[in-house]
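**Q** Okay, here's the prediction I keep looking at, along with the sequence it came from:
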Amino acid sequence: MTTVQQLSIFVENKSGTLLHVLELFKEAKIQLVASTISDTVEYGIYRIICTEPQRALEVLKTAGISANVSEVFAITLDNVPGRAADAIRLISNAGIGISYLYSFMLSGKGILIFRTDNAEKTNQVIQENNLIPLDSDKLLALV
Amino acid sequence: MYLHPEFETLTRSELEVLQTERLRATIKQCMNSPFYRKRFEESHIRPEEIKNLDDLRKIPFTTKQDLRDNYPFGLAAVPMEEVVRLHSSSGTTGTPTVILHTQRDLDEWANAVARCLYMVGLRPGDIFQNSSGYGMFTGGLGFQYGAERLGMLTVPAAAGNTKRQIKFITDFGTTALHAIPSYAGRLYEVMVEMGIDPRRDTNLHTLIIGAEPHSEEQRKRIENMLGVKAYNSFGMSEMCGPGVAFECKEQNGLHIWEDYYIVEIVDPDTLEPVPEGEVGELVLTTINREAMPLLRYRTRDLTRILPGTCPCGRHHIRLDRMKGRSDDMMILKGVNIFPIQIETILMQFAELGNNYLITLTNEEANDLMTVEVELKEFSDDYPHLQALTKEIVRQLKDEILITPIVRLVPKGTLPQQEGKAVRVKDLRKTLI
């Protein structure tokens, strides 16, 4: 199974918490590739694709911040309208639910990062339909 | 002016004579209880040694833990066939506590409550509505029997359903109401919403407020809002319930009925008596109870004895408003809650850390409890976190009967506790 490492941080919805995390990254010279956080009321999960995710995790833990590294799918798509729809249709038609997804452009390529409710089946769909999955090395090579 | 002038107007020396006599009878009665017999033996005290009020101090204190340890009937001082009523605490902190009453105890309890209500000017012909919870909660039946004893039409409206409560007040012409102070504020708000002016549209003239700490300012507001006189009531289920101490028309301290109780105020740390007039823990000895007398019971309530005499002519001492607790009990919406109850629930979740903080606030006269707890194990999964929060709320509600707001917070974000942990922040303001 080809996946990338994503860093997830449990953050309080309080002014200054996000900045604190970013300052730690800056100090440790870790670069953000993509990140997402949504506007929930009480707490948030700040999800990050970054260089050296394991070292980033250590930095956060040393600073006493709750975080973990998990594996998520990353697929690369041609920079043409409609490619995301084609990819998601395959997953959807296989009856797989998407827990969350975010996307961005990197070196002229579209990147979809997502987690599903069935990793095995998702992997199968990716393989059978010749979607191009990325691992952390390949993804970071695009940076 | 007095319902029981033969007791209410006793002078200090007359009261002491009565107390001494009743104390001796109580000690004798206690020797029927397995608990006190053992306690006297262990402390090498002979019952005959307790002759006067000073001798009382030789007897060890009785605590809530003693009641728990001897649950349910270990303190019974009469044969169980003579017991006609039982009240129990909710038992949320572990083993519940039980208080037993003979018919005579119930009669004396009703007399005490009737005396209190008469003292603040209520008379037969008044219509008394009780918004206390009924059942095991003593504020329900306690006021019911007392108000009936006085001869008032007594409406057992019980807790909740504010609109129905107000309908009773207007339809029945309720003149006196028993309510916890925060609920009095709520009643006013809903009356205004319903277009009811309490001064114009109701016959209310007296409010009995208790079971919840409140300030003088809060009382004044309740009085102004509802156009009533509001009197502070103090009771506790261990002593029977309401009717232990009550304000007279002077509204300056609560007379505690010394024909029922011997009062001591002690330093909660040294357990020595505090100097006269200083704040300490209230310790009570029942001297007018058969089924389950309690000797030197530590109430955990902090108060002081007001100096001087009361213009009302009663020499029964006056207690100041309760100043707090010598333990960490919280009172929310009239319900007693201990932090340990919350801690016990939280510690059952492997995902949660040890650090938590309980914050009490109030909005629109409604007490709110927020429980913040640090998340130890963090999973990158919103639905799981939401389900976890919901489950914590559910279990806490089962335990404390109040629905708290639960907030999961990152590790290390709550103040670190050094020494004696401060688990409760009470930010409740006087709103009404």
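**A** Cool, the structure landed.

**Q** give me the beta-bridge partners of the nearest residue to residue A:42 once chain neighbours are set aside?
**A** Using C-beta to C-beta, 6 or more residues apart in numbering or on different chains and skipping the chain neighbours, the partner closest in space to residue A:42 is residue B:407 (5.1 Å). All C-beta spots, glycine's among them, are computed from the backbone N, C-alpha and C. Per DSSP bridges, the residues bridged to residue B:407 are residue B:372.

**Q** hang on, isn't residue B:407 packed against residue B:370?
**A** Yes: the criterion here is C-beta atoms under 8 Å, and residue B:407 meets it with residue B:370 at 6.4 Å.

**Q** These two: who's more crowded?
**A** residue B:407 (18 against 15; other C-beta atoms under 10 Å in any protein chain shown).

**Q** mind listing what the more buried one touches?
**A** By C-beta atoms under 8 Å, 6 or more residues apart in numbering or on different chains, the residues touching residue B:407 are A:42-43, B:370-373, B:389.

**Q** Which one of those residues is nearest to residue B:58?
**A** residue B:371 (43.9 Å; C-beta to C-beta).

**Q** I figured the closest one hits residue B:408, correct?
**A** No: the pair residue B:371 / residue B:408 is not scored as a contact, 9.8 Å apart, by C-beta under 8 Å.

**Q** returning to what we had before: same list (the contacts of residue B:407) but as TSV, adding pLDDT and distance to residue B:218.
**A** Converted to TSV, these look like this (pLDDT from 0 to 100; distance: C-beta to C-beta, whole Å):
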residue	pLDDT	distance to residue B:218
A:42	73	31
A:43	78	35
B:370	94	22
B:371	95	25
B:372	93	27
B:373	92	31
B:389	93	33
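
**Q** so which of these is the most crowded?
**A** residue B:373 (26 neighbours).

**Q** Read off the pLDDT value for the residue nearest to residue A:109 when sequence neighbours are not counted.
**A** Closest residue in space to residue A:109, ignoring its immediate chain neighbours: residue A:76 at 4.9 Å, by C-beta to C-beta, 6+ apart. According to the prediction, residue A:76 has pLDDT 95.

**Q** what's the answer for the one 3 residues further on, then?
**A** pLDDT recorded at residue A:79 is 89.

**Q** Can you get me a residue count around it?
**A** Around residue A:79 there are 11 residues (other C-beta under 10 Å).

**Q** How about residue A:89?
**A** Counted with other C-beta under 10 Å, residue A:89 comes out at 11.

**Q** What's the separation between it and residue A:82?
**A** 10 Å (C-beta to C-beta, to the nearest Å).

**Q** contacting residues for the closest residue to chain A within chain B?
**A** In chain B, the residue that lies nearest chain A is residue B:380 (3.7 Å; C-beta to the nearest C-beta). Neighbouring residues of residue B:380 by C-beta under 8 Å, 6+ apart: A:6, A:8, A:45, A:47, A:68, A:70, A:115.

**Q** measure residue B:16 to residue B:271 for me?
**A** Distance, residue B:16 to residue B:271, by C-beta to C-beta: 23 Å.

**Q** sorry, that was for residue B:37
**A** Distance from residue B:37 to residue B:271, by C-beta to C-beta: 23 Å.

**Q** Residue B:412 now?
**A** Residue B:412 is 39 Å from residue B:271, by C-beta to C-beta.

**Q** the more surrounded of these two?
**A** Each of residue B:412 and residue B:271 has its neighbours counted (other C-beta under 10 Å); residue B:271 has more, 16 against 13.

**Q** Local confidence estimate at that one?
**A** With respect to pLDDT, residue B:271 has a value of 95.

**Q** Surely it and residue B:61 touch.
**A** Yes: applying C-beta under 8 Å, one finds residue B:271 in contact with residue B:61, separated by 6.9 Å.

**Q** near chain A, which residues of the stretch 301-432 of chain B?
**A** Residues of the stretch 301-432 of chain B lying close to chain A by C-beta under 8 Å from any C-beta of the partner chain are B:375, B:378-383, B:385, B:389, B:407-413.

**Q** Just the ones of those in helices?
**A** Among these, the members found in helices (DSSP state H) are B:382-383, B:385, B:389.

**Q** Who wins on neighbours among these?
**A** residue B:385 (20 neighbours).

**Q** can I see the domain layout of chain B?
**A** B:5-327, B:335-426 (automatic domain parsing).

**Q** and the gap between residue A:28 and chain B?
**A** Note on residue A:28: its distance to chain B, by C-beta to the nearest C-beta, to the nearest Å, is 19 Å.

**Q** Over to residue A:5?
**A** Residue A:5 sits 12 Å away from chain B, going by C-beta to the nearest C-beta.

**Q** That residue is in contact with residue A:69, isn't it?
**A** Yes: counting by C-beta under 8 Å, residue A:5 touches residue A:69, with 5.2 Å between them.

**Q** higher neighbour count, those two?
**A** residue A:5 (21 against 15).

**Q** Need the mean per-residue confidence for stretch B:57-73.
**A** pLDDT averaged over stretch B:57-73 gives 95.

**Q** Pull the distance from that stretch to the chain's centre.
**A** Centre-to-centre, stretch B:57-73 and its host chain are 18 Å apart (C-alpha atoms, centre = their mean, to the nearest Å).
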